[in-house]
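> Turn this into a structure:
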Amino acid sequence: MFENLSEKLQKAFKNLRGQAVLNEDNIQESLREIRLALLEADVNFKVVKLLIDKIQDKALGQEVMGALSPGEQVIKIVRDELVEILGHDTAKMKFASQPPSVILMAGLQGSGKTTTSGKLANWLKNGGHRPLLVSVDVYRPAARQQLKVVAQAIKANIYEGEVTEANTATVERLAKEARREAINTGSDVVIVDTAGRLHIDDQLMDEMQSLKKLLNPQEILFVADAMTGQDAVRSADEFHKKLSLTGVVLTKMDGDARGGAALSIRNVTGQPIKFIGVGEKYDALEPFHPDRIVSRILGMGDILSLIEKAEQQVDKKRAQEIATKALTGDGFSLEDFRDQLRQVKKMGSLQSLVGMLPRIGPFSGLQAAADKVDDKQINRVEAIINSMTPHERDHHEVINGSRRKRIARGSGTSVQEVNNLLRQYAQMKKMFKQMGKPSFARRMAGMKLPGM
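Next comes the predicted model:
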């Protein structure tokens, strides 16, 4: 997400950081590079012009803060203006004072609307709500069955109803019945997955307007595929003119999306991005935090989101047990090592986790290293450990040549991979023991950091 844009902006900032004094010439040179980086990221050209004009006005007439160099001041201006364009504050979901609240999901066919409906239901469940899903897409074959599969996967309630004819009357009936079902079952949110089209047409808009009038929804969320760039922005704008959207959900932000839709859509439509889809799993939906996204774009990382992921996914009690075992040298086994890997896997791919760290300072080389790591390697390591007996996991030294061959066969790997794992595990265990010794702690306490 935003990787290419981030790299190009870092290049533009590189020259600025070395400037003792800023003048119109070096500002213009940097602005040209920033403009090009934004246009290549498929940001709407009107948004680019607005952003560059604002940066230029503030940079040339800047009041330089004492703690920042002139170059750093321009970088701060770029950050502030990007945050302003993205909406500054994190947009909150609106709920009815008298349940159930209704969320109408809008969008073109293929944007990921049905999956996003399930992800949103899962997010609401985790927040203590009781969502009810309903599909009113009576036109696309298997659309309603798809939502049923999603609901079963996340263990959410779904209203199916019966469909005899594929028309607007049936759509309205299903919507009314679903709201009645929510009241009867105590569900406090109804998520309505609507029909999509390959393009915007009068029939689609008439039906959406009819549903809006019937349900009086608290949220009308437009689901847009970020991979389609400015097409997503134009579609969102057209939907907003007809329906008065309350927010946008951008899907496939973990793919090769260049970021242009995210940086354009709020400025063009006037509506905030409320969520972004960052993976295929049903928990891969994140609230959109403009300040954190801008920090990622500028290479400053997103430590807060990383901490939140850890808090949500990591079993704190088990992590503490493993840490105590490791640092005391008291029985840190291959089974403990496997549990560590499983907790890391829950948080997402290594690339996505490292992507939340700053690209400057001590973390600058981590992204390149993470890009070389195959996430499937973690699965192979887990398979190797699973192929061992409980005794072998607790006493790795008993694993001789014949047992290593058996483990390799059982895990579908090679003897070399088994050997590498055992060697690395032994080295790690030795390192942990060193770290747990009082002498190591005393040495660390006595060390002075450079420049201190």
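> confidence score at the residue positioned nearest the centre of the chain?
Centroid check for the chain by Cα atoms, centre = their mean gives V278 as the closest residue, at 3.8 Å. You'll see V278 listed with a pLDDT of 82.
> now swap in the one 3 residues further on and tell me
On pLDDT, K281 comes in at 86.
> mind checking the SS state of it?
coil (DSSP: H, G, I helix; E, B strand; the rest coil).
> residues near the nearest residue to the residue nearest to the centre of the chain once chain neighbours are set aside, how many?
In space, and not counting its chain neighbours, V278 is closest to D254: 4.5 Å by Cβ to Cβ, 6 or more residues apart in numbering. Any C-beta I mention is one placed from the backbone N, CA and C, and that applies to glycine too. Using other Cβ atoms under 10 Å, D254 is surrounded by 19 other residues.
> And D254, how far from G112?
D254 sits 12 Å away from G112, going by Cβ to Cβ, to the nearest Å.
> joint contacts of the two?
Common contact partners of D254 and G112 (Cβ atoms under 8 Å, 6 or more residues apart in numbering): G277.
> the helices in the stretch 151-300 of the chain, which residues?
Ranges of helices in the stretch 151-300 of the chain, per DSSP state H, counting those that start in this stretch, are 168-185, 202-215, 230-243, 260-269, 290-297.
> can you redo the ones you listed as JSON lines with mean neighbour count?
Converted to JSON lines, these look like this (neighbours: other Cβ atoms under 10 Å):
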{"stretch": "helix 168-185", "mean neighbour count": "17"}
{"stretch": "helix 202-215", "mean neighbour count": "16"}
{"stretch": "helix 230-243", "mean neighbour count": "19"}
{"stretch": "helix 260-269", "mean neighbour count": "25"}
{"stretch": "helix 290-297", "mean neighbour count": "22"}
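> Turn those helices into a markdown table, including mean pLDDT and distance to V134.
Compiled in a markdown table, the helices of the stretch 151-300 of the chain are given as follows (pLDDT from 0 to 100; distance: least, Cβ to Cβ, whole Å):
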| stretch | mean pLDDT | distance to V134 |
| --- | --- | --- |
| helix 168-185 | 93 | 4 |
| helix 202-215 | 91 | 11 |
| helix 230-243 | 87 | 18 |
| helix 260-269 | 82 | 26 |
| helix 290-297 | 77 | 31 |
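> Which among these is found nearest to N157?
With distances scored as Cβ to Cβ, the stretch of the helices of the stretch 151-300 of the chain nearest to N157 is helix 168-185 (6.5 Å).
> got the angle between the closest one and helix 202-215?
Orientation of helix 168-185 against helix 202-215 (axes from the mean of the first three to the mean of the last three Cα atoms, to 10 degrees) gives an angle of 30 degrees.
> what residues does helix 168-185 touch?
With Cβ under 8 Å, 6+ apart, helix 168-185 has contacts from 99-100, 102, 132, 134-136, 138, 157, 159, 161, 163-164, 187-190, 192, 195, 206-207, 210-211, 214-215.
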